[in-house]
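Engineer: Everything below, folded, please.
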Amino acid sequence: MKKVAIIGAGITGLSAAYYLSKYNDLEIDLFEKDSRAGGKIRTYQRDGYTIELGPESYLARKTIMTELAEEIGMGDDLLRNSTGQSYIYSNNKLSALPKGAVLGVPTKLWPFLTTDLVSASGKLAAGLDIFKKPSRLYTDVSVGRFFRRRLGDDVLENMIEPLLSGIYATNIDELSLMSTFPYFKEREEKYGSLIKGAIAEKPASSDKPAGRKQGQFLQFRNGLQSFIDRLLEVNIGNGVNVHFESDVEAITKNGESYTVQVNDGLEEYDRIIITTPHFQYKRWFNDLPLEYFKHMEATSVATVVMAFDQHQVKNDIDGTGFVVSRRMDTAITACTWTSKKWKHSTPSGKALLRAYVGRPGEFIIHEKSDGEIADLARRDLDKIMDLEGAPEFTIVTKMKRSMPQYKVGHKSRVDAVTKHMREHYPGIVLTGASHHGVGLPDCVSQAKAAVESITK
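Structural biologist: All right, here's what the predicted structure looks like:
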């Protein structure tokens, strides 16, 4: 019987353990240095509130996580978000994102022509996308450079950048196009224009009346933590040995197997899947090809959750939240009106707001206390939403170095590391959010691929 070690019990590690447990001839040990599973996923419940302190939900179109939820008996617990208008805070006011915009790329003429987010010259520059030839890309390019060439500065900075930065917490002039949104390049090649491509591939549901639209995101009735708890329970039931407060201190190659030092003990393994953040790799490997991960940055972010009585929100706009243009002098980068987006999360008559703080290059998360971060968020929300009185409660959650930065060239460098590991450490796989996607389904997908690679 072969022995497999999995390092890290976040969603990637738990998913890898689940897929491995389908094989009958394996002994599986899952090591987690913390006292709990789930990594950045944390759900807090109190007084009728269900609050996500880490990731909030996942994209429904990435079906692998839904399939996993159904396999472990949680399909009936899935909920879609309520739909509503999204806004961008720019020029010191909230402006509706033009209807039909796909990640900021316009697909409907009239809503784009009438938006106050983009100047007349900016709209003209964006319209020229229809006539421009596809750019020749022999290597990777930044998202900012690509969209700036196609649609101009105005659309980029006031529509696209706030939305994409909200996903990756990064500078889009450094963000890798081929590691994040390669399909935009594919659309450009196929249709000769981003706008033409977005129109051609727009989901049919986007033209339905508002009342018939389905939300794009999925969540669990009792929060993402309930999914983690169930996945852990299934793994244990399937015979996976789960070890909490177990720090892997060293990995040593020993012929065709590996010696793993955990706390004060030594164990031999035939295969190892490592799902930790990339900055942990240097503890176990000093190879030159892995230098990329030593220097790869990760942005620190924080969420600030505030609960109010509904009447305390004076500027109560119909919608699900907003993102902030980088031209604005705010500490927050976005805010979800959680009580409107996820109606199950909040008692009747209450308003639950979730603001996001943290940009690349900033040190607010490291230098400011929780109270100071809450004050900064409250200042911004007061200005934008006109809040009256003190919140019922405030919860600040810091997530240091939690958002890996996929800079230009990321994919080729990760591919080079993968090739090096395969040649010099056969049977060890590095995977997770630092590699090929930061979303929860991306992590599940990478876990499944890692299992397939070591069980061939």
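
Engineer: and R46, what does it touch?
Structural biologist: F393 (CB atoms under 8 Å, 6 or more residues apart in numbering). C-betas here are computed from N, CA, C, even on glycine.

Engineer: how about 10 Å then?
Structural biologist: Counting by CB atoms under 10 Å, 6 or more residues apart in numbering, R46 touches 307, 393, 395.

Engineer: now do Y19
Structural biologist: Y19 is in contact with 68, 71, 273, 444, 447-452, 455, counting by CB under 10 Å, 6+ apart.

Engineer: Give me the buried entries from these.
Structural biologist: 68, 273, 444, 447-448, 450-451 (16 or more other CB atoms under 10 Å).

Engineer: Q214: neighbour count?
Structural biologist: 12 (other CB atoms under 10 Å).

Engineer: what helix or strand does it sit in?
Structural biologist: Per DSSP states H and E: Q214 is located in neither a helix nor a strand.

Engineer: That one reaches L79, doesn't it?
Structural biologist: No. Assessed by CB atoms under 10 Å, Q214 is found out of contact with L79, at 11.6 Å.

Engineer: shared neighbours, the two?
Structural biologist: In contact with both Q214 and L79: no residue, using CB under 10 Å, 6+ apart.

Engineer: which residues in the stretch 51-200 of the chain form helices?
Structural biologist: In the stretch 51-200 of the chain, the helices defined using DSSP state H, counting those that start in this stretch lie at 64-71, 109-114, 120-127, 143-151, 153-155, 161-168, 177-180, 182-191, 194-200.

Engineer: Please convert these to JSON lines, extending it with distance to H424 and mean pLDDT.
Structural biologist: Shown next, in JSON lines, are the helices of the stretch 51-200 of the chain (distance: least, CB to CB, whole Å; pLDDT from 0 to 100):
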{"stretch": "helix 64-71", "distance to H424": "30", "mean pLDDT": "99"}
{"stretch": "helix 109-114", "distance to H424": "52", "mean pLDDT": "93"}
{"stretch": "helix 120-127", "distance to H424": "48", "mean pLDDT": "95"}
{"stretch": "helix 143-151", "distance to H424": "33", "mean pLDDT": "95"}
{"stretch": "helix 153-155", "distance to H424": "45", "mean pLDDT": "94"}
{"stretch": "helix 161-168", "distance to H424": "31", "mean pLDDT": "87"}
{"stretch": "helix 177-180", "distance to H424": "24", "mean pLDDT": "95"}
{"stretch": "helix 182-191", "distance to H424": "29", "mean pLDDT": "91"}
{"stretch": "helix 194-200", "distance to H424": "41", "mean pLDDT": "89"}
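
Engineer: quick check: mean pLDDT across stretch 19-30?
Structural biologist: Averaging pLDDT along stretch 19-30 yields 96.

Engineer: tell me which residues of that stretch are tucked away?
Structural biologist: By neighbour count on 16+ other CB under 10 Å, the buried set for stretch 19-30 is 19-21, 26, 28-30.

Engineer: Go through those residues and flag which are in helices.
Structural biologist: The helices, defined by DSSP state H, take in 19-20 from the buried residues of stretch 19-30.

Engineer: out of the buried residues of stretch 19-30, who's nearest E189?
Structural biologist: Y19 (34.0 Å; CB to CB).

Engineer: Against S176, how distant is that closest one?
Structural biologist: For Y19, the distance to S176 equals 28 Å [CB to CB, to the nearest Å].

Engineer: Just the closest of the contacts of R46 to N241, please.
Structural biologist: Checking the contacts of R46 against N241 by CB to CB gives I395 as the nearest, at 34.0 Å.

Engineer: unless I'm mixing things up, F227 is touching S57, no?
Structural biologist: No. The criterion here is CB under 10 Å, and F227 misses it with S57 at 11.0 Å.

Engineer: Which of those two has more residues huddled nearby?
Structural biologist: Comparing F227 with S57 by neighbour count (other CB under 10 Å), the higher total belongs to F227, at 26 against 21.

Engineer: So that one: helix, strand or coil?
Structural biologist: Following DSSP: H, G, I helix; E, B strand; the rest coil, F227 is assigned to helix.

Engineer: contacting residues around it?
Structural biologist: So F227 contacts 11, 14, 38, 41, 43, 58, 65, 68-69, 72, 74, 77-78, 219-220, 440 (CB under 10 Å, 6+ apart).

Engineer: nearest to S246, of these?
Structural biologist: L14 (14.9 Å).

Engineer: what about L59, how many neighbours?
Structural biologist: Residues near L59, counting by other CB under 10 Å: 14.

Engineer: go on, the one 3 residues further on?
Structural biologist: Taking other CB under 10 Å as the criterion, the count of residues near K62 is 16.

Engineer: residues contacting it?
Structural biologist: By CB under 10 Å, 6+ apart, K62 lies in contact with 218, 437, 439-442, 444-445.

Engineer: out of the contacts of R46, which are buried?
Structural biologist: Looks like the contacts of R46 have 307, 395 buried, using 16+ other CB under 10 Å.

Engineer: out of the contacts of R46, who's nearest T299?
Structural biologist: Using CB to CB, the contacts of R46 come closest to T299 at I395, 20.5 Å.

Engineer: Secondary structure element for that closest one, which one?
Structural biologist: Counting by DSSP H and E, I395 is part of strand 393-404.

Engineer: Could you list the paired strands of that strand along with their orientation?
Structural biologist: With DSSP bridges as the test, strand 393-404 is paired with strand 298-309 (antiparallel).

Engineer: any idea of the mean pLDDT in the helix or strand just after the strand it pairs with?
Structural biologist: Helices and strands here follow DSSP H and E; after strand 298-309, the next one along the chain is strand 321-324. Taken as a whole, strand 321-324 has an average pLDDT of 96.

Engineer: looking at it, L430 is touching T275, isn't it?
Structural biologist: Yes. L430 is within contact range of T275, at 8.4 Å (criterion: CB under 10 Å).

Engineer: So between those two, which is more surrounded?
Structural biologist: Neighbour totals were compared for L430 and T275, and T275 leads with 31 against 27 (other CB under 10 Å).

Engineer: any idea how far the more buried one lies from D442?
Structural biologist: According to CB to CB, T275 stands 12 Å off from D442.
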